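Colleague: Pasting a predicted model and its sequence here:
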Amino acid sequence: MAAINWGFAISRPRVIDVDHNNLRKSDEILLEMPELQSCIGCGACTASCTAGNLTQFNFRKVHTLVRRGEYQGAYEEMNKCMLCGKCRLLCPRGINTRGVVMLIKRKLGDF
Amino acid sequence: MTFFAPFCIPFIIGTVSLFVTIIAKWVSWVYYMPRTDRKLLRRGLFSMQTVKGVGEVVCECLLHRRIFRINPLLGYMHMSLAFGWFLLIVVGWLETVAYLGLEPVPLQGHVFFRYFATGISEHKPVFDFVMDALLLFVLSGVALAWGKRFYSRAMGMRRTTKHFLGDRVALSALWFIFPARLVAESLTCALYGGGGFLTGTIGRWMASHVNIEILQMLYEPSWWFYSCALGVFFVAMPFSRYQHIFTEIPLIFLRRYRLLPHEKASSLDKFQIQACSRCGICLDPCQLQQDLGINDVQSVYFLRDRRYNRLKLAVANNCLMCGRCEAVCPVGINLNTLRQNSRDRLRNIPDESRYKYFKGLDRSSGEGRVGYFAGCMTLLTPRTLHSMEQIFKAVGEDVWWADRDGGVCCGRPLKLSGETDSAKKMMQFNKELFYKHNISILVTSCPICLRVFREEYALRGIEVLHHSEYIARLMREGRLKLNNDGGRVTYHDPCELGRGCGIYDAPREVLSAVGELLEPKHTRENSYCCGGSLANTVIGDAQQLRLAQTMSAEFEATGAGTVVTSCPLCKKSIARGTSMPVKDLSEIVAENIAS
Amino acid sequence: MERVIVIGGGVAGMKAALDLRRRGFEVTLLEKSRHLGGKVRKWHCLFPTFTSAAEVLGGLKAEVADSDIEVRLEAEVVSFDNRSVTLASGEKLACGAVVLATGFTLFDARVKEEYGYGIYDNVITSADLEEMFRNGRVALRNGERPRRVAFLHCVGSRDEKVCQRHCSKVCCVTGVKQAIEVKKLFPEADVFNFYMDIRMFGPGYEEMYREAQLSHNIHFVRGRISEASPTIDGRLQIKAEDTLTGRPLKMSVDMLVLLVGMRSNDDNVHLAEQAGVPLAPNGFFAPKDMFAGNVCSPRKGVFYAGAITAPKSIGEVLNEGSAVADAVTEYLS
């Protein structure tokens, strides 16, 4: 019976449950780098991303999820970044994107 | 003659403590050095470098030649204190020998000779005069030091270092030593006669104007005070910035034996860190200080924090690593390497599983003897890429394009952030890629890539050239002919290209062939950083912009029509700071190819 | 009656001059170039109704010609205050009030080098496209019909990297309008609009947006293009993130249209200094307030009309022409 494939996983819900998520780390991150809040999600960072060109890495998505309290896997994702700095040259909001990568890795090393 | 009095005790304690601490430090630093470094040390010790090192010690540690070159008044201040004090010790020793022959005299006997020599009836006026002259020389330095503290601008420094408590104690003790000596010796002269033009004159004045009982009452305390000042200074010295006095000497030899800091921190670094005298010469060139008013991250503060184990990531990371401070450091400390290996210590987490996705990757195109590595940033300045293509075409060169459709970063940006081990993976990947495609020349238009290719890749059989060098070579070989129609241009030296790789002349050679070159005020070794530096991950966008604007104002002042640079990052930054047209070197070359 | 000088002969300046003349003032209209009409002269038709720009402009120009407004062309102003205007020729004109209507400057798309304007043949700006519409010939550089066209919104607007923080307001609508026009010319072509936000603020705009999607099958991709590069077959490859699916997107197109924004004129700094009036941080002139005094400067006798204070649509600019006439009348009576 255990071998039945139900076709979907029930372990992790899809919904971002902000009530349930602990936003403490997210708040700490935003306190250190308030400019991250000014992201308008244009995706220019991800579009030009040297690592994103080669892998599934999506900087915009990862930091947005982190801001919503979804920390799982964020560190591993950010580790795909090569820190080349292209995204910083493009960000229309002038966000210090390299600083964001380093900050998220520092804050979420144990997630 | 006995050479002991109770007042000598503070001095003796101080001296013993000083030598024990210094020797313990030196021994432990050498003991914990990486083995390869110790081997270099052994090999260097018995070479000509040791002899040359002695000369350098005299020039730098005593005469402070490099500070003289930067700021003569400051040089005089340091020289008068160091060289003056040194001569006082040497001449003082000669004085005792002259009076007593080669009879062994304990250290305090030399130092407090005036006190113990009151019984000697015959005086040697030559020594009285010389010793007084030297004391005056040192006192002039102390006076300047006082002046600098209260009014640094008069000394040609806009800013002076902010010190912490330990330094202040040592500093105050140092300031008191020589005035205390003057008072003690003058009092001795007042009571017992003798002395030269300084102490003797003051002594005679005291004797005639001050009640003898008061003089007698002050006599012993004055020597106590002098001894205490020396004792306090000696005890505090190895724990304060004055440690530099004894650290700079071995540093000079180590440098001559090629023992330089590495990308990983080691005990060797302590010879550099503790050789910092916190003179503050690194403050004024710092653009973060000058334009942004950030005043706690400069090299002097970085070294101080690192020395006392309280270095914060925010301080270590807040540096453009432009190298402007390193260029003027009178001790010649490798500031950027130290900053880099501090970041490594704070941030490097080796992770074997990282960058697995590099495996089997190759997005390169074309084939040729010459390889071109655009670098990530150049992909955002397609005009450079386009111009390089035109130049290659004009000289009929077949080119292997390493990363035009994306590739792996050169690794330097990650390394600068401190993740040294992961950066190695990128370097290894690119290195293998270069070998795989059998190129003999690798051209890059990004100075950041250039520097890491040269310093870390160790590419055997592949010559690494910046595009400015490559173009200059094409011109010299007569393969590329250019028209001189570029008009009046000014040139910005990128940090990584100029101070980083020492390439100043190749771009100028190219520019003078295509137009008239007008230099901005800060140029070559002295040029400003554009603010876009990848080494700084702390400052924000508005701060970067301000750095770019200050720098760009100098280009506008030259009267040139175009700003030329040879770094994609600088180009982007400058374009934000000015309304003048900004071009990469390759663009202006491609525009002026003679058909 | 006193003389009022209107600086700038675009739609705002002309409308202000006409309304002022109608109220009986002696009006001098100064225009730097050889023609009245300003930026609208170069436009083909206007959103959201596709009204011909020439029609709107023609009406105004005819009215100006019929009136006895003193029009001086090729009259460049070097400085002004509330009582006089000095021309580049050195001539000084006295007046009772000045209306500044010198508009804006189009963002120079070459600054955004990564989009390749001025490097690749078929990267053009929205202004270039209007020029093509006016000439009646929209084509690639090699004369062929485009099969796929991409519009990129917010070039030189809302971008810290080029020091243009503000929203230029009209580019979104222009992008949708031009996309429809291109689609009408080339029904077989695919048209994509790459946007960060679509700001349809005016009457009929949202309806036009819906029409573009429903009737013209124009694709909207939410993502900012990061760079354009040439492909081997002479097309352009653009890269963006399709942020709604969260994945990077690559696309080959024949033509890339950059919807360039409105930035403040370079000489605003000098003029404001001479006249003693303040500029907003984005370089446009700062009005006395954003409400009842939005055509007035803090200085008495100096008035503003049109895009001199902020990016505006043509309808808004025309309204300001009338509003400023009213404010000047109140001031001078």
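Modeller: Thanks, I have the structure now.

Colleague: so where's chain A uncertain?
Modeller: Counting by pLDDT under 70, chain A contains low-confidence ranges at A:1-12, A:110-111.

Colleague: Quick check, the residue in it closest to chain B?
Modeller: Going by CB to the nearest CB, chain B is nearest to residue A:94 of chain A, at 2.9 Å. Every C-beta, even on glycine, is put in place using the N, C-alpha and C of the backbone.

Colleague: now the lowest-mean-pLDDT helix or strand in chain B: how far from the chain's centre is it?
Modeller: Every helix and strand in chain B was compared by mean pLDDT, DSSP states H and E; the lowest is helix B:65-70, with a mean of 86. Averaging C-alpha positions (CA atoms, centre = their mean, to the nearest Å) puts helix B:65-70 13 Å from its chain's average.

Colleague: For the residue in chain C positioned nearest to chain B, give me its contacts.
Modeller: Of all residues in chain C, residue C:114 sits closest to chain B, at 4.6 Å by CB to the nearest CB. The neighbours of residue C:114, taking CB atoms under 8 Å, 6 or more residues apart in numbering or on different chains as the test, are A:48, A:90, B:379-382, C:226-228.

Colleague: nearest to residue B:189, of these?
Modeller: Distance to residue B:189 across the contacts of residue C:114 (CB to CB) is lowest for residue B:381, with 74.8 Å.

Colleague: wait, residue B:568 sits on residue B:383?
Modeller: No. Taking CB atoms under 8 Å as the definition, residue B:568 is not a contact partner of residue B:383, at 9.8 Å.

Colleague: Return the residues of chain A in contact with chain B.
Modeller: Neighbours of chain B within chain A, by CB under 8 Å from any CB of the partner chain: A:35, A:48, A:50, A:53-55, A:79-80, A:82-86, A:89-91, A:94-96, A:98-99, A:102, A:106, A:109.

Colleague: intersection of neighbour lists for residue B:568 and residue B:383?
Modeller: Shared contacts of residue B:568 and residue B:383, defined by CB under 8 Å, 6+ apart, are found at residue B:584.

Colleague: who has more neighbours, the two?
Modeller: Between residue B:568 and residue B:383, counting by other CB atoms under 10 Å in any protein chain shown, residue B:568 is the more crowded of the two (28 against 21).

Colleague: Skipping adjacent residues, who's closest to the more buried one in space?
Modeller: Nearest non-adjacent residue to residue B:568, counting by CB to CB, 6 or more residues apart in numbering or on different chains: residue B:377, 3.9 Å away.

Colleague: Roughly how far does residue B:274 sit from chain A?
Modeller: 29 Å (CB to the nearest CB, to the nearest Å).

Colleague: and the nearest residue to that residue once chain neighbours are set aside, what are its phi and psi?
Modeller: Nearest residue to residue B:274, sequence neighbours excluded (CB to CB, 6+ apart): residue B:247, at 4.4 Å. Here is the backbone geometry of residue B:247 (degrees, to the nearest 10): phi -90, psi -30.

Colleague: show me what contacts residue B:247?
Modeller: When contacts are counted by CB under 8 Å, 6+ apart, residue B:247 touches B:270-271, B:274-275.

Colleague: Residue C:147 reaches residue C:254, doesn't it?
Modeller: Yes. Shown here, residue C:147 and residue C:254 form a contact pair, counting by CB under 8 Å, at 5.5 Å.

Colleague: Settle it for me: which of the two has more neighbours?
Modeller: Set residue C:147 next to residue C:254 and count neighbours by other CB under 10 Å: residue C:254 wins out with 22 against 15.

Colleague: What residues does chain C have near chain B?
Modeller: Residues of chain C that fall close to chain B, judged by CB under 8 Å from any CB: C:111, C:113-114, C:116, C:119, C:160-163, C:227-229, C:266.

Colleague: Give me the buried subset of the residues you listed.
Modeller: Buried subset of those (neighbour count, 16 or more other CB atoms under 10 Å in any protein chain shown): C:111, C:113-114, C:116, C:119, C:160-163, C:227-229.

Colleague: can you give me the strands in chain B?
Modeller: B:370-373, B:399-401, B:441-444, B:463-466, B:488-492, B:516-518, B:562-565, B:582-584 (DSSP state E).

Colleague: Looking at the ones you listed, spot the one closest to residue B:54.
Modeller: Among the strands of chain B, strand B:463-466 comes nearest to residue B:54, with 37.8 Å by CB to CB.

Colleague: Most proximal residue of chain A with respect to chain C?
Modeller: Proximity of chain A to chain C (CB to the nearest CB) peaks at residue A:43, 2.9 Å away.

Colleague: Does that residue touch residue A:61 like I think?
Modeller: No. Contact criterion CB under 8 Å: residue A:43 and residue A:61 do not qualify, at 9.2 Å.

Colleague: For those two, indicate the residue with more neighbours.
Modeller: Neighbour totals were compared for residue A:43 and residue A:61, and residue A:43 leads with 32 against 19 (other CB under 10 Å).

Colleague: Identify the residues contacting the residue nearest to residue B:568.
Modeller: Under the criterion of CB under 8 Å, 6+ apart, the neighbours of residue B:377 are A:84-86, A:89, B:446, B:448, B:567-569, B:572.
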